[in-house]
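Colleague: fold the following for me, if possible:
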Amino acid sequence: MRWALVKVAVAVTLMVVLAFAVPLGLVIKEMARDRAFSNAERQAAAIGPTLSITTDRDALERAVASTQAGAAGRMAVHIPAPPDGAPLEIGRRRAARKDLDATRKVVRAYISGVPGGSALLQPTALSSGEIAIVEVYVPEAEVTNGVATAWLVLAGVGVALVIGSVAVADRLGVRMVRPAQRLAGAAHDLGEGRLGARVPEEGPAELRSAAVAFNSMADQVVQLLANERELAADLSHRLRTPLTVLRLNAASLGDGPAAEQTRAAVEQLEREVDTIIRTAREAKPQTQPAGAGAGCDASEVIRDRMAFWSALAEDEGREVRLAGVDRPVRIPVARPELAAALDAMLGNVFRHTPEGTGFAVDVHNGEDAVIVLISDAGPGIADPRAALARGSSGGGSTGLGLDIVRRMAEATGGDVRLGRSVLGGTEVRVWIGLGGGGTRPSRIRPRRRRRRPEPRRPGPRAA
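Modeller: Residues are numbered from 1 along each chain as shown. Predicted coordinates:
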């Protein structure tokens, strides 16, 4: 925008300079020509009194030599021949004979073009009634004397005007562009999650109004987020009472794997609720994408969560296969977020497939991405696209499970895809980028396992 204003200012100034300088230069050129020929007319007129008195050569030569043009050899006098004599020529003739004859006929001053300039032919009446011609040579340099200097002066004035207009337009552009740039930068910061971004209310009236509106909008966003955090904290706090009852009931279950598993699940749920409450009550808003700056060993987290779910899988007679977690795999995802995503995917397997349905978890590590595959031998998902839609629900599902997984993957530049697994059921493929964002890598090719017989398949499964 700044350079656009400068270009407009240069164009307008050039148009104004050309509109005034060119006609003015032409006027100066014409004035110089008129000045040169007016001076020639005055010198020619100085010979008139002498010609009206005498046509003596000596007298006329003295009169011619007394003028500036005559002393410079630029004046000539042409007297026609009397009835009993020859014509008289004083000085050097430059004009053509036909031009002299034409001037005698019209008896009017005439300008004739000659080599190197022009010749002013001034007719003068003699005492005998004949017409003598006074010729004054005007060189081209005298006709254009001062014109080049005038054009240079006009060009200098035009350049000065252009430079001045550029400087003024640049200052005006800075005054307009800088507030606009600050507004755009603040909008970008707000979009990135830096909720403290504000814009100085300065600049032109329109940009000041935009800055006021932006600051008001940012304040409202902060207030809405604060209200949302308070609401989340209040809703989470309401879970404490049923969790307390659930924990007391779990304590009365006695001993056994199922009882221990239930108590462990209740304790984990209480910890998650506490985490939600602390996060919601935290005064400082989150300004980075989920998982930014954090990291964990995906193999260690997956082994831990599979140890938890394997007990339930054993009770339900499910065959579990785990691969690719025999070495550390670092990913830019916080441990709680990866654990929540795994629990969401594995929980879907247990909720939406019949008992006895096997499942598998595979980890494939590449140079710039990690793929986590959750495969099962269940009935599959009737509409994978709808299952991935944000907020989708159906079949008793809230639709938040895959949404948690997707947000975790997208925070690293990856994504989530649903498809048919080699076990015959659903395959959830999670791409986790290792570069902190970007396009999904294509060089990783997950290993495919041999397909095994599928168990019984009940009705369609919801994500």
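Colleague: where are the low-confidence patches of the stretch 251-400 of the chain?
Modeller: 276-294, 389-400 (pLDDT under 70).
Colleague: okay, strands next: where are they in it?
Modeller: For the stretch 251-400 of the chain, the strands defined by DSSP state E, counting those that start in this stretch cover 296-297, 320-323, 330-331, 359-365, 369-376.
Colleague: who's in contact with the first one?
Modeller: Under the criterion Cβ atoms under 8 Å, 6 or more residues apart in numbering, residues 328-331, 333-335, 338 lie in contact with strand 296-297. Backbone N, C-alpha and C define where each C-beta goes, glycine included.
Colleague: who does it pair up with?
Modeller: Here strand 296-297 has these sheet partners by DSSP bridges: strand 330-331 (antiparallel).
Colleague: what does the partner strand rub up against?
Modeller: 295-298, 338, 370, 412, 432, 434.
Colleague: and for stretch 76-88?
Modeller: Residues from elsewhere that reach stretch 76-88 (Cβ under 8 Å, 6+ apart): 47, 51, 55, 57, 60, 64, 89-94, 100, 104, 126, 128, 130-135, 137.
Colleague: output that stretch as PDB - backbone C-alpha positions only.
Modeller: Extracted in PDB, the C-alpha atoms of stretch 76-88 (Å, rounded to 0.1, in the frame of the first residue of the first chain):
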ATOM      1  CA  ALA A  76      23.400  44.200 -45.900                       C
ATOM      2  CA  VAL A  77      21.600  46.900 -47.900                       C
ATOM      3  CA  HIS A  78      20.100  46.200 -51.300                       C
ATOM      4  CA  ILE A  79      19.300  49.300 -53.400                       C
ATOM      5  CA  PRO A  80      17.600  48.800 -56.800                       C
ATOM      6  CA  ALA A  81      19.300  50.200 -59.900                       C
ATOM      7  CA  PRO A  82      18.300  53.800 -60.900                       C
ATOM      8  CA  PRO A  83      17.200  54.500 -64.500                       C
ATOM      9  CA  ASP A  84      20.700  55.500 -65.500                       C
ATOM     10  CA  GLY A  85      22.900  53.300 -63.200                       C
ATOM     11  CA  ALA A  86      23.500  50.000 -61.500                       C
ATOM     12  CA  PRO A  87      22.100  48.500 -58.400                       C
ATOM     13  CA  LEU A  88      24.000  49.100 -55.100                       C
END
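Colleague: centre of the chain versus that stretch, how much separation?
Modeller: 86 Å (Cα atoms, centre = their mean, to the nearest Å).
Colleague: now do stretch 38-48
Modeller: Offset of stretch 38-48 from its chain centre (Cα atoms, centre = their mean): 71 Å.
Colleague: give the buried residues for it.
Modeller: Buried residues in stretch 38-48, counting neighbours by 16 or more other Cβ atoms under 10 Å, are found at 39-40, 43-44, 46-48.
Colleague: distance of the residue nearest to Leu342 when sequence neighbours are not counted relative to Leu322?
Modeller: Spatial nearest neighbour of Leu342, excluding adjacent residues (Cβ to Cβ, 6 or more residues apart in numbering): Arg305 at 4.6 Å. Separation of Arg305 from Leu322 (Cβ to Cβ, to the nearest Å): 10 Å.
Colleague: then Val177?
Modeller: 58 Å.
Colleague: same question, Ala184
Modeller: For Ala184, the distance to Leu322 (Cβ to Cβ) stands at 49 Å.
Colleague: these two: who's more crowded?
Modeller: Taking neighbours as other Cβ atoms under 10 Å, Ala184 and Leu322 compare with Leu322 leading, 17 against 11.
Colleague: list the contacts for the more buried one?
Modeller: Going by Cβ under 8 Å, 6+ apart, the list of residues near Leu322 reads 302-303, 306, 360-362.
Colleague: and those, which are buried?
Modeller: Buried by 16+ other Cβ under 10 Å: 302, 306, 360-362, out of the contacts of Leu322.
Colleague: mind checking the SS state of the residue sitting furthest away from the middle of the chain?
Modeller: Distance from the C-alpha centroid of the chain peaks at Asp84, with 95.0 Å (Cα atoms, centre = their mean). What DSSP: H, G, I helix; E, B strand; the rest coil gives for Asp84 is coil.
Colleague: equivalent analysis for Ala132, please.
Modeller: strand.
Colleague: ok, what's across the strand from it?
Modeller: Thr124.
Colleague: which ones are touching it?
Modeller: Applying Cβ under 8 Å, 6+ apart, the residues contacting Ala132 are 51, 55, 77-80, 123-126.
Colleague: pull the most distant pair out of those residues.
Modeller: Thr55 and Pro123 (14.9 Å; Cβ to Cβ).
Colleague: ok, for Asp169, nearest residue in space, not its chain neighbours?
Modeller: Asp isn't right for residue 169; it's Ala. Nearest residue to Ala169, sequence neighbours excluded (Cβ to Cβ, 6+ apart): Ala9, at 3.4 Å.
Colleague: what's the span of stretch 123-130, first residue to last?
Modeller: 10 Å (Cα to Cα, to the nearest Å).
Colleague: quick one: buried residues of that stretch?
Modeller: 123-124, 126.
Colleague: chain center to that stretch: distance?
Modeller: 83 Å.
Colleague: need the contact partners of it.
Modeller: Under Cβ under 8 Å, 6+ apart, the answer for stretch 123-130 is 44, 47-48, 51-53, 55, 79-80, 82, 103-104, 107-109, 131-134.
Colleague: out of these, which are inside helices?
Modeller: Counting by DSSP state H, the contacts of stretch 123-130 place 44, 48, 51-53, 103-104 in helices.
Colleague: and the furthest pair within those?
Modeller: Using Cβ to Cβ, the two most remote members of those are Ile53 and Thr103, lying 21.7 Å apart.
Colleague: picking that back up, so which of the contacts of strand 296-297 are in helices?
Modeller: 335, 338.
Colleague: okay if I get the contacts of strand 296-297 as a markdown table plus neighbour count?
Modeller: As requested, those are arranged in a markdown table below (neighbours: other Cβ atoms under 10 Å):
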| residue | neighbour count |
| --- | --- |
| Pro328 | 11 |
| Val329 | 21 |
| Arg330 | 13 |
| Ile331 | 26 |
| Val333 | 26 |
| Ala334 | 19 |
| Arg335 | 16 |
| Leu338 | 26 |
